[in-house]
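**Q** I need the structure of the sequence given here:
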Amino acid sequence: MPWSGAEAALGVAAGALCVLGAAAAVLLLGDRGAMGPGLVVAIAVGVALVLALPVHRLPALALLVAVAIPVRVLPDLALLSVLPPAALVVLAWMARRLLDRARGTGRDAAPTAGSAVRVLAGLTAGWILLSLLAGDHLQTSVAWTASFGVAVLAPLLVRGVADEARALKRTLIVGGGLAGAYAVLETMLGRNPVIDVVNAALGFGSVQHWSVYRAEVTLGHPLAAGTLLAVAGAAGVLEWLARGRPRDGVWGALAVAGTVATVSRGSLLALVVALGVGILVWLVRSRNLSGPRAVALAIALGAAGTLVTTASGLLDRGASAEAAASDAARARGVELAIATARENGLLGSGPGTSALAVAERDTVTAIESSGLQLLVSIGLPGALLVGALVVAGSLTAWRAGDVAALAAVVAYTVSVLGYNAIDTRRSLHVLLAVVLILAVGAADEARQRRAVSS
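**A** Reported below is the predicted structural model:
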């Protein structure tokens, strides 16, 4: 169901208050440790939103929070280092769903679709707990387990999330389009007009050290921004093809352009693979490929291909010495990951500890692949369980006929396989939950439609 005018206005106003409150605290105080007023405002606004919005809008709010609030502006609090604000919103959503169910006012909690995803989420949680108990770096492992458990695994155990998935999809597509437009603006200006000011006020340096400017939006790094934009771009384009709404295509195109602006080869590969898989499934399933839509599809694909292959920043990046050095470091990282995983056995070095385990062998090289990070930290069985969880999400979306959700899962998976995301960047955990909820919610909605038609 679409956002009502009142809800949309409330969300925009609250988001603006969050940004203005944090910005004022940063500019006036210039110290993360002294952000008391800004933190009080943010908490007050967050509590108001969590209580005022309908419960099924809260996962969408978590996505907005994850994108809109830069990690660097957060105060140095132990809780926020374990559970970012977006994960706290997810936690509030689950609490409200439980309360509604206890009061008898919630949605039907009968078994719903997507059971394979839920079973695998439970098995993954159990294995991660075993790995945690066997690891040496207990504090790091507990923090990572709490983040991954709250932001990713626990939400997948909630039943009946069709309403949440619809709200999430609209938020992802529109928010991703806006983020893409901002990324293009960054590239045109050669700087980040908002984040650079915040970083300067807090005394942080820029992450830009490449031969070309790479857009980072609010996510702190081009790779993280590229993941979000690839997911949103694939979802927007496929939603346009499936539903025939031109605005979805426009938002998707903006996110695609933003992905190019990050100059992230992995994110672009993820986008191309996701679009290819999604379009192939759509063509097989579609019975309404009219002439105008076929022509529009051909033009869109041609334009996207031309944009990706001729973008000057991408070409310069691919031909640079730093790109060659990055490729060499990735190859070295693969060797280190396999050797370290063998040393730590089936249970791994402990959740979230792949960087620490590898540093015992090499203090320079990082593992630039989420899959290899999981192989080291939670062992081969754990990595296979997470992989099976993602595959189950893809199959669930495919069976439900939601090509946008399918493309979103594929885009996220391919993108994070190319850099150190899941084990290192806890702020990206929520995005994994988003794409999997889209898949499970699509299956729930399909099941509801079949029940009504029968």
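**Q** pull the contacting residues for Leu389.
**A** Val117, Leu120, Ala121, Thr124, Leu156, Leu436 (Cβ atoms under 8 Å, 6 or more residues apart in numbering). Just so you know, the C-beta spots here come from the backbone N, C-alpha and C atoms, and that holds for glycine as well.
**Q** one more pass at 10 Å, please.
**A** Listed by Cβ atoms under 10 Å, 6 or more residues apart in numbering, the contact set of Leu389 reads 116-121, 123-124, 152-153, 156, 432, 436.
**Q** ok, now Val117?
**A** Neighbouring residues of Val117 by Cβ under 10 Å, 6+ apart: 156-157, 388-397, 436-437, 439-440, 443.
**Q** that one and Asp444, how far apart?
**A** Going from Val117 to Asp444 by Cβ to Cβ, to the nearest Å gives 11 Å.
**Q** element containing Arg361, please.
**A** Arg361 belongs to no helix or strand when elements are defined using DSSP states H and E.
**Q** quick one: neighbours of it, just the number.
**A** By the criterion of other Cβ atoms under 10 Å, Arg361 has 12 neighbours.
**Q** now swap in Ala411 and tell me
**A** 33.
**Q** these two touch, right, it and Val231?
**A** Yes: with contact defined as Cβ atoms under 10 Å, Ala411 reaches Val231; the gap is 4.6 Å.
**Q** shared neighbours of the two, anything?
**A** Common neighbours of Ala411 and Val231, using Cβ under 10 Å, 6+ apart, are Thr259, Ser267, Ala270, Leu271, Ala274, Val435.
**Q** most surrounded residue in the residues you listed?
**A** Counting by other Cβ under 10 Å, top hit in the shared contacts of Ala411 and Val231: Thr259 with 34 neighbours.
**Q** returning to that earlier point: tell me the one among the shared contacts of Ala411 and Val231 nearest to Arg166.
**A** Val435 (14.5 Å; Cβ to Cβ).
**Q** so which strand or helix has the closest one?
**A** helix 429-453.
**Q** next one: Arg159
**A** Going by DSSP H and E, Arg159 is not in any helix or strand.
**Q** that one contacts Arg447, correct?
**A** No: counting by Cβ under 10 Å, Arg159 does not reach Arg447; the two are 11.2 Å apart.
**Q** neighbour count winner among these two?
**A** Using other Cβ under 10 Å, the more surrounded residue of Arg159 and Arg447 is Arg159, with 20 against 17.
**Q** quick one, phi psi at that one?
**A** The phi/psi pair for Arg159 (degrees, to the nearest 10) reads phi -100, psi 150.
**Q** could you measure from it over to Arg285?
**A** 26 Å.
**Q** and for Val452?
**A** The gap separating Val452 from Arg285 is 21 Å, by Cβ to Cβ.
**Q** now the helices for the stretch 351-454 of the chain?
**A** With DSSP state H, counting those that start in this stretch, the ranges of helices along the stretch 351-454 of the chain come out as 354-359, 370-400, 403-416, 429-453.
**Q** most tightly packed of these?
**A** Stretch with highest mean neighbour count among the helices of the stretch 351-454 of the chain: helix 403-416 (a mean of 29; mean count of other Cβ atoms under 10 Å).
**Q** Leu88: neighbour count?
**A** Neighbours of Leu88 under the rule other Cβ under 10 Å: 19.
**Q** so the closest residue in space to it that isn't next to it in sequence is in which element?
**A** Nearest non-adjacent residue to Leu88, counting by Cβ to Cβ, 6 or more residues apart in numbering: Gly46, 7.6 Å away. Assigned by DSSP H and E, Gly46 falls within helix 36-52.
**Q** could you point out which element follows that helix?
**A** Scanning forward in sequence from helix 36-52 by DSSP H and E, the next helix or strand is helix 58-68.
**Q** show the average pLDDT along that next one.
**A** Helix 58-68 shows a mean pLDDT of 91.
**Q** again with stretch 91-104
**A** pLDDT averaged over stretch 91-104 gives 84.
**Q** can I get the contacts of Leu389 in a markdown table with pLDDT, secondary structure and distance to Val65?
**A** Shown next, in a markdown table, are the contacts of Leu389 (pLDDT from 0 to 100; DSSP: H, G, I helix; E, B strand; the rest coil; distance: Cβ to Cβ, whole Å):
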| residue | pLDDT | secondary structure | distance to Val65 |
| --- | --- | --- | --- |
| Ala116 | 86 | helix | 29 |
| Val117 | 90 | helix | 24 |
| Arg118 | 88 | helix | 25 |
| Val119 | 90 | helix | 29 |
| Leu120 | 93 | helix | 27 |
| Ala121 | 92 | helix | 22 |
| Leu123 | 94 | helix | 29 |
| Thr124 | 94 | helix | 24 |
| Val152 | 93 | helix | 16 |
| Leu153 | 93 | helix | 19 |
| Leu156 | 92 | helix | 19 |
| Leu432 | 95 | helix | 15 |
| Leu436 | 96 | helix | 18 |
